[in-house]
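>>> 3D model of this:
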Amino acid sequence: MIESVTVSFLIILSTFFSPTAYATGFQHKHSDTITSQIITISDARKQAVGNQVTVAGRVTVSDQFGGPAFIQDTSAGIAIYDSSNNLYPQISIGDSLVVTGQLSQFHSLLELTNISYTVYPETNIVKPKEITLNQISEAYEGQLVAIKNASYSSKGTFSIDKNYPVSDAFGSAIVRIDNNTDINGSQIPTTPVNITGVVSEYDHTYQIMPRNMEDAGAVPFPVAGSDVPLKETFDIATWNLEWFGNASHGPANDSLQIANVASVLKKIDADLYAVEEVSNSIAFQKLLSLLPGYHGFEAHYSQTQKTAFIYKAATIDSISSQLIEPAGYSNWDYYWANGRPPFEFTFNATINGITKQIHAFDIHAKAMSDQTSYDRRINASKEFKTYLDNNLKTQNLIIMGDYNDDVDQSIFNNDPSPYNNFVADSSYYRVITRLLSKRNEASTTAYSDMIDHITVSNELYPVFYTNTQQVVKPEYIVDYSTTTSDHYPVFARFRFDHTLAIQHTNQPRIPQQPYLSQNYPNPFNPSTNIQFNLPVKESVTLEVYNILGQKVASLINHKPLPAGQHMVTFHAGDLPSGIYFYRLDLGSGQSFTKKMTLMK
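Residues are numbered from 1 along each chain as shown. Purely as a prediction, here's the structure:
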């Protein structure tokens, strides 16, 4: 409610920061208007919890935290909590605010509750008080402060509802990232920066709370494709749902978890989701009922935590699914967490009229950071790659899921990653989320590592939309980590009609052996791209033949090319529809041939 306080706005402004006004209370314009009850915030803070006081101050935090707001005068600052949430949208930083309320404490933070107030719209921005970290104390609680040359000890990106230790030349403290700010997902500074924020308190620990990225010294990570509609790309995400539908082990409210997961999936709007820890089939069916246009199915094995796929029926045509349990691989089930093998989904995906057949694998590797679990992940990865190399080496592959380990180095003892075999074989596989590991991002709420990843085969990599891989942090979900999941979705995009991966290569990729990739797009009309890899400098000939064996195009003719990746565009505007073959001949005597289809 807005209290009717007849106080001259001009008089308030003239006395707001006056020591005399602090001593006598605000002056009143008319003798019958009592405003002397307004006291300084410093005096209010000295009174007993439960007392009612009236204070006035400038707004330093309005709706940046979704509550409380903060105001301060020249004597002190204080939090203002409005249980109705009506106050926060009404005020802006710099406004003047007169508040009457009851002194209360929330986890040791002093604040005014049960409030009435009058807002005086203004633009008098409070300049933060420059202090050092060792000065943070009760004396500055509720005030806007600035810390010069402070360093974060964490790396990667900021997450919501999380504390980050910082230090300067004088001491250390905690920066708290509220879930309503725009800081979520931005880059944690790697060099000393200036940090601005209000001093809050939680269970007797003082915290600096930045209001936005600028306050935190952060900058956003560039994510490509913001101007490209999702309908023009093939979009995928992997997400561990943390004991989904099993309240005794995961989030305590099954209905809320189902609703929150549905909200996140709708917001991401991907074509394909690989999810893990589906622990209740009824809950999974309820989730699907909340996702119009999507179909889904679970893996069937003895463990409670199932892997599953959810897909958009408009873009994906299901072909088959199966658990990968090949004969002749020793201890396969043991390595895969005692019976949680990779789950394969084969389908045709069609985007903008271009169709690709894809084999997607949802994996949930052995958890825990100990020697035995680490060794099991190593052996599972080794045998799985052998299986893929022997059976699907020339196919479009996606390996997505909870790897339960990072791909740059292991979560166990900083040892080599169990997935180094995929990382090292760049002629055939690309761990497209490895960039997130290099950025020190985290895919869980509890740990600082990327343990949820996406790997693709080199047949699919050329249409990967570079720099679209990201950890999705749903800041719009209240208490996300306790109501929804302890993992974040990991997302990536592909453009079947475009190649950004090669165009955006920052460093030359030197393959271990020569390789000719499948052309893309395929089928095509009238142009397609042909990519090949050279481990050393070679004399190269690349030619195209029709189904009768007649040469119809010479794209490269005995040309010396350096080691690395190369791409040639073939224009077939004058050729009829049909099947064609392209052949790569190297000066070393090796030859490679693949088939493509021109469809006009």
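>>> span of stretch 330-350 from start to end?
Here the two ends of stretch 330-350 are set 38 Å apart, with distance taken as Cα to Cα, to the nearest Å.
>>> is Ile282 in a helix, a strand, or coil?
Look at Ile282: counting by DSSP: H, G, I helix; E, B strand; the rest coil, its state is helix.
>>> ugh, wrong one, Lys231
Criterion first, three-state DSSP; result for Lys231: helix.
>>> now do the same contact list for it.
By Cβ atoms under 8 Å, 6 or more residues apart in numbering, the contact list for Lys231 reads Ile351. (Each C-beta comes from the backbone N, C-alpha and C, glycine too.)
>>> tell me what whichever strand or helix holds Ile579 is packed against?
According to DSSP states H and E, Ile579 maps onto strand 578-586. Using 3 or more Cβ pairs under 8 Å, 6 or more residues apart in numbering; DSSP states H and E, the elements in contact with strand 578-586 are strand 527-534, strand 538-546, strand 591-598.
>>> export it as PDB, just CAs?
The C-alpha trace of strand 578-586 is given here as PDB (Å, rounded to 0.1, in the frame of the first residue of the first chain):
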ATOM      1  CA  GLY A 578      21.200 -38.700 -60.400                       C
ATOM      2  CA  ILE A 579      23.900 -40.500 -58.500                       C
ATOM      3  CA  TYR A 580      27.500 -39.300 -58.800                       C
ATOM      4  CA  PHE A 581      30.900 -40.400 -57.300                       C
ATOM      5  CA  TYR A 582      33.700 -38.100 -56.200                       C
ATOM      6  CA  ARG A 583      37.200 -39.500 -55.900                       C
ATOM      7  CA  LEU A 584      40.200 -38.100 -54.100                       C
ATOM      8  CA  ASP A 585      43.600 -39.200 -55.400                       C
ATOM      9  CA  LEU A 586      46.800 -38.400 -53.500                       C
END
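>>> that one: which residues count as buried?
Tyr580, Tyr582, Leu584, Asp585, Leu586 (16 or more other Cβ atoms under 10 Å).
>>> got it, and stretch 394-413?
For stretch 394-413, using 16+ other Cβ under 10 Å, the buried residues are 396-408, 410-412.
>>> swap in stretch 80-99?
Using 16+ other Cβ under 10 Å as the test for burial, stretch 80-99 gives 80-82, 87-88, 90-91, 93, 95-99.
>>> can you check stretch 183-195 too?
Within stretch 183-195, the residues scored as buried using 16+ other Cβ under 10 Å are Ile183, Asn184, Gly185, Ser186, Gln187, Ile188, Pro189, Pro192, Val193, Asn194, Ile195.
>>> got the CA coordinates for that stretch in PDB?
The C-alpha trace of stretch 183-195 is given here as PDB (Å, rounded to 0.1, in the frame of the first residue of the first chain):
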ATOM      1  CA  ILE A 183      24.900 -12.200 -14.600                       C
ATOM      2  CA  ASN A 184      23.900 -15.900 -15.000                       C
ATOM      3  CA  GLY A 185      26.100 -17.500 -17.700                       C
ATOM      4  CA  SER A 186      28.400 -14.600 -18.200                       C
ATOM      5  CA  GLN A 187      32.200 -15.000 -18.000                       C
ATOM      6  CA  ILE A 188      34.000 -14.900 -14.700                       C
ATOM      7  CA  PRO A 189      36.800 -12.300 -15.000                       C
ATOM      8  CA  THR A 190      40.300 -13.900 -15.100                       C
ATOM      9  CA  THR A 191      42.100 -10.700 -14.200                       C
ATOM     10  CA  PRO A 192      41.500  -8.200 -11.300                       C
ATOM     11  CA  VAL A 193      38.400  -6.100 -11.800                       C
ATOM     12  CA  ASN A 194      36.300  -3.500  -9.900                       C
ATOM     13  CA  ILE A 195      33.300  -5.100  -8.200                       C
END
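>>> what lies in contact with it?
For stretch 183-195, contacts defined as Cβ under 8 Å, 6+ apart pick out 146-152, 154-160, 164, 166, 168, 175, 177, 208, 210, 212-213, 215-221, 439-440, 470-471, 473, 475.
>>> what does stretch 196-208 give?
Contact with stretch 196-208 is made by 60-61, 70, 77, 79, 107-110, 128, 136-137, 140-147, 163, 166, 173-176, 195, 209-211, 214-216, as judged by Cβ under 8 Å, 6+ apart.
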